[in-house]
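A.B. asks: kindly return the folded structure for what I paste below:
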Amino acid sequence: MTEKQYSQGKTPAIHSDIFLGMQIIISATNQVREYPYNFARHIHKSIEIYLIDSGQCTMDINNKKFNFQKDDFIMIFPNTVHSLCLETENACAFRHIHFDPVPFSHWLISQNEHSSLSLMTALIMPYERYYHLASDEKISSLICNIITELAEQGSILSTAMANLHLAELMLYLIKLTHPDLSLTADSGSHTPEHIRYVSYALSYIHENFSKKILIPDIAAHLNISARYLSKIFFHHMNLTILNYINIYRINHAIDLMLNTNFTLTNIAELVGLKDSQHFSKLFKNTIGIPPNQYRKLIVPDISEEAYGDDPNSI
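C.D. replies: All right, here's what the predicted structure looks like:
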């Protein structure tokens, strides 16, 4: 704070404290998968990172098939349908990280009187729900550091170091792709106002997914037309608003399958889909198999009766 600011009665902005030792990273491991291996289509709320060390694997990301091999770096964003399998007899070794993106939405890397840009917005907005590039020495080193620090279980300082390495990795990726922080420009399609519209729409969906959501209601809060909002949202997210709502609901339903003993009918209601048959159809269209079969995959050795599910009805 300068002497001039003090004399004019201005005070510095007060920001919320950030706890560097919080559990942002869900898992960080070295993994090896042997042929045959197939992890069915799935979605989650975390961001997932792969760095292929040897061998090769095949991924389906948003219905696009990719073959990845040594030194390929892949980042998959939340609510993105994807799968992983091995199509050759050789093993595939990779480094693998899952982390919660929410804390980084509060870390600002650009701020002025008209708008601000968070670390997470800058990372996610320009891409088609995933991110692929050839790894370099810095990316490899940062991922190695994250895994090493997180292995020090119970150490707050190691957790904090892992979080900082992860933040550095994200900043490095932004620097590689748009070092001028073009998202803050007032020209083109990624204007601060457009980012604000999309951010609000995402927040609205996340807070109201269990209820009936109407696009005109979201647009009304922003004082723009539903058509204009839909156009901006699709340009940024490469998904229609309705598609995003459906995927977000299915993602939450999978969380409930894993962590509760609710019936599938109850889960359908909790995610805003009152018609269980519609839920089943939507789930199959998104993931590829009906919800009762998917639940058997992710929670093995559990019968439908344990949850009260009727395999013939949903």
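
A.B. asks: following the chain onward from whichever strand or helix holds E207, which element is next?
C.D. replies: Following DSSP states H and E, one finds E207 within helix 192-208. Stepping forward along the backbone from helix 192-208, the first helix or strand reached (DSSP H and E) is helix 215-222.

A.B. asks: can you list the buried residues in that next one?
C.D. replies: By neighbour count with 16 or more other CB atoms under 10 Å, helix 215-222 contains the buried residues I215, I218, A219, L222. To be clear about C-beta, it is placed using only N, CA and C from the backbone, and glycine gets the same treatment.

A.B. asks: quick one, what contacts the residue lying closest to the first one once chain neighbours are set aside?
C.D. replies: Just to be clear, that refers to I215. Ranked by CB to CB, 6 or more residues apart in numbering and with sequence neighbours excluded, the top spatial neighbour of I215 is A226, at 4.6 Å. Residues in contact with A226 (CB atoms under 8 Å, 6 or more residues apart in numbering) are I215, P216, I218, A219.

A.B. asks: one more time with 10 Å, if that's ok
C.D. replies: Residues counted as contacts of A226 (CB atoms under 10 Å, 6 or more residues apart in numbering) are L214, I215, P216, D217, I218, A219, A220, I241.

A.B. asks: any idea how far K45 is from the spatially closest residue to N63 that is not a sequence neighbour?
C.D. replies: Distance criterion CB to CB, 6+ apart; nearest residue to N63, sequence neighbours excluded, is V81 at 7.5 Å. The gap separating V81 from K45 is 13 Å, by CB to CB, to the nearest Å.

A.B. asks: surely L20 is in a strand?
C.D. replies: No. Counting by DSSP: H, G, I helix; E, B strand; the rest coil, L20 is not part of a strand but coil.

A.B. asks: check contacts around it.
C.D. replies: Contacts of L20 by CB under 10 Å, 6+ apart are P103, I156, L157, T159, A160, M161, A162, N163, L164, A167.

A.B. asks: quick check, nearest of those residues to F233?
C.D. replies: Nearest to F233, judged by CB to CB, of the contacts of L20 is P103 at 24.0 Å.

A.B. asks: contacting residues around the residue lying closest to that closest one once chain neighbours are set aside?
C.D. replies: Nearest-residue entry for P103: I24, 5.2 Å, with adjacent residues in sequence omitted and distances by CB to CB, 6+ apart. By CB under 10 Å, 6+ apart, the contact list for I24 reads 46, 99-104, 159-160, 162-163, 166-167.
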